[in-house]
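> mind folding the following:
(chains A and B)
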Amino acid sequence: MPASVKGAVALRKSLRAFSPDLAKALPKEVAAALKPITKAAKGYLPDDGQVLSGWLALEGSDARFPSYNARIVKQGIGYKTTPSKPNRRGFRSLARVFNKSAAGAIYETMGRKTPSSRFVQNQSSKYGSSMKGDGKMEGRALFRAYEENNGKARDAVLNAIKSAADKLNARAKV
Amino acid sequence: MSNIVIDIAAEFTGNKSFKQAESATDKLGKNVKKLAGALGLAFGGQQILAYGKAAVKAAAADEKAQKQLALALKNVGLGRDAASSEEYIQRLQSEFGILDDKLRPAYQTLAVAVQDSDKAQRLLNLSLDISASTGKDLGSVTAALSRAYLGNNTALSKLGVGISKADLKAGKFEDIIANLETTFAGAATQSANTFQGSIDKLGVAAANASEIIGTGLIDALKGLGDQDSVDNLAKSMQDAATYTADVIRGIGVLIEKLKGLPGIGALDIGMIPILGTYLEMLNAAGKASKSGNGISAQGLAHLAELQAKYTTAILAAKRKLTAEELKALKAAKLKLALDKANLALLKGEEVFDMDKIQIAAALTSQAEALGKATNASQALQIANDTARLNVKRSILALEDAIASKDEASITAATNKLNADLKVLGALTGQSIKLSDIKSILESLKPADLINLANLDAAIAKMMELIRLQGTKPSISGGAVGGSGGGGGAAVTQPRSIAEVNAAVAELGLNTQIQPNLREYTPNQGMISGISPNGREFNFSVTVNTGIGDPNAIAEAVTQVVQDAVDRGTLRGGATL
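Okay, here's the model as predicted:
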């Protein structure tokens, strides 16, 4: 579960309006906190030779199942420090990491419901990565990296936001 | 599409649907408020307070209208019918939904015209029918009927009631009225039974309720004594209104709940346990404090008194403030004028010291008077005045010295003043001596620069110098020896031979004067001089200057000779 913060969006607006240097520094600090997760997650991805050969893209194939391409999958792992649009429950994400490619998502989550499927077993025998996390937060790459981060990134992000708010308040005092 | 996203931190800001719900709630609130306004309800205490003020005003106006009608009826001999007339008006009001504010003037107009209550009420009924049928306002119709009763049918013909001018001229008033009653019979009743009539009745009821509430407020004002009690009452009204509004809402909820109970039909406040008892007690207390029928004149008078007190107090405060402001403004102007005057005085003192100038002028005047004095008494008077002026001048000098804080100056000025005072005291005691007067007067006289004694002394000095030099004075005859001789050459002191030689050497001439007064050039021997026996010698001198401008040389030699004449070493000039 993400940490709930109040006033962070307004803080960003205030920083842009009254303290541009802090407005630039805050995303950098947040990014510095998120980078280790994405870096580790990319490291957990297999190369093209480490996945099942049938999962790779074949020339002239019309297969609709997402093929694995290590380069594309690695490009799909990243982070964002800008607030998102509100979701259905009215929450806006302030900082997030994502694994947005389809093949990356498959590698991330395969075996959650059917760990004994042949595809999962074959892939696990070819590239023995382990899943970490619980429930919907369980995965092989991004979720694993986040789990192994032990909340350091979350604390760093919250500290960065709090620090920026404190600095802004200090500057605002006459 | 995959959804592998981990939110590290998030903020709840609400989404579009929440905003829509919020907006809908706001709209609902606004609409409810509009609805309340349309129904004459007020939700805030402020509105209730404003309503209370309006109610007091309406009650006072109603009371005034009642009294005016009663007075008008009394004046036309219908005083005994005042109460019944008021009752008749109230009945018409509730029956036809027309405010008594309109009915009373109409009835008054008709009653004054016909001077009969029954006829007036009959005509008013007819007027209501005509007004309802034709759409004319009640005042115009009653005015037309009253004029028609008095013989002027013009206004009635203009109402468009279906009677020709010929009929109006020919027919009797009774016939005309009967005709009109037939024509417009039941129009007012019919109008009152329509939806608009019902709304009008509700409006009349609301206005009456307002007047009744206002009457109660005026009664409440009777208990007020202090000036600020109205403010307190206003605040209390506002608080009470807020409280009452909440109570009313609570009662609404209570009624709704009670209705839900089995066996409860119509609500009786007294049925409510405890609360009902208190409310009934409050109601009884209110009834007991009600001041008779209608609005209490005492309450109105008290209200007027309080208003007058307020007005007086406000005016007094404004006057006081204005007076203080004027005083401050006057003081400021005076200070400014004084500052300007002081500045001008300082500038004037810098330029003129009037005392000193006056003293100096007086002393000058005394000196002139002294020249014209012909006897000793005048001289004595002049001496006395002069001594006084000297004392005054010494006083000013001492003041200046004190201002300068210079001890030496102060001491000197003090001594001078003492001396002058001593002289003045002597003059005042008339023990003056002639010598003292002379000393005073002589101080006024300017000292002579040249007089006979000075000239004698000068000649003696010159003779002494000549004697010491052992030379004879070279004085041309008549040049000295008498004053005002005129025409003689200037007397110059004879110089020693050494001085003459030095002067000649300065001129660049190679000549010397020997001690025996003979003048030599080294190469040509003696060229001029005075023999020991006083005989003069003239010589020609040739000046060898080499090549040059002859005129310039001649002018230079002439200048040298002239200088020698001017110095006194050469007499008679020279010829080239």
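> helix or strand right after the helix or strand containing B:Asp400?
For B:Asp400, the element it lies in under DSSP states H and E is helix B:376-404. Next along the chain after helix B:376-404, taking DSSP H and E as the criterion, comes helix B:407-428.
> and the angle for that next one with helix B:376-404?
Inter-element angle recorded for helix B:407-428 and helix B:376-404: 160 degrees (by axes from the mean of the first three to the mean of the last three CA atoms, to 10 degrees).
> you'd agree A:Asp47 is up against A:Ala70?
Yes - with contact defined as CB atoms under 8 Å, A:Asp47 reaches A:Ala70; the gap is 5.0 Å. Yep, even glycine has a C-beta here, placed from its N, CA and C like the rest.
> out of those two, which sits in the more crowded spot?
A:Ala70 (19 against 11; other CB atoms under 10 Å in any protein chain shown).
> give me the neighbour count for the closest residue to chain B within chain A.
When scored by CB to the nearest CB, chain A has A:Ala105 as its residue closest to chain B, at 3.2 Å. For A:Ala105, the count of nearby residues is 22 (other CB under 10 Å).
> hang on, B:Ile176 is in a helix, isn't it?
Yes - residue state for B:Ile176 (DSSP: H, G, I helix; E, B strand; the rest coil) corresponds to a helix.
> now do the contacts for it.
B:148, B:153, B:156, B:163, B:167-168 (CB atoms under 8 Å, 6 or more residues apart in numbering or on different chains).
> need the max-distance pair from these.
B:Ala148 and B:Asp167 (11.9 Å; CB to CB).
> tell me which of these two has more neighbours.
B:Ala148 (23 against 14).
> find the nearest non-adjacent residue to the more buried one, please.
B:Leu156 (4.3 Å; CB to CB, 6 or more residues apart in numbering or on different chains).
> pLDDT on the helix or strand harbouring the one you found, on average?
Taking DSSP H and E as the definition, one finds B:Leu156 inside helix B:154-158. Per-residue pLDDT over helix B:154-158 has a mean of 79.
> any idea how far the residue nearest to B:Ala148 lies from B:Lys57?
Counting by CB to CB, to the nearest Å, the separation of B:Leu156 from B:Lys57 is 36 Å.
> between the contacts of B:Ile176, which is closest to B:Ser131?
B:Leu156 (13.3 Å).
> in stretch A:44-53, which residues are buried?
By 16 or more other CB atoms under 10 Å in any protein chain shown, the buried positions in stretch A:44-53 come out as A:44-46, A:51.
> who touches it?
Contacts of stretch A:44-53 (CB under 8 Å, 6+ apart): A:56, A:68-70, A:73-74, A:77, A:104, A:107, A:119, A:122-123, A:126-127, A:129, A:140-141, A:144-145.
> what number of residues lie near the nearest residue to B:Glu86 once chain neighbours are set aside?
Leaving aside its sequence neighbours, B:Glu86 sits nearest to B:Gln66 (CB to CB, 6+ apart; 6.4 Å). If you count neighbours by other CB under 10 Å, B:Gln66 ends up with 18.
> look up how far chain A lies from B:Gln66.
64 Å (CB to the nearest CB, to the nearest Å).
> element containing that residue, please.
Assigned by DSSP H and E, B:Gln66 falls in helix B:45-75.
> residue contacts, residue 14?
With no chain named, the answer covers chain A. Contacts of A:Ser14 by CB under 8 Å, 6+ apart are A:Leu168.
> chain B is the one I meant
A:86, A:90.
> repeat that for 6 Å
A:Gly90 (CB atoms under 6 Å, 6 or more residues apart in numbering or on different chains).
> in what helix or strand does it lie?
Residue-wise, B:Gly14 maps onto no helix or strand under DSSP H and E.
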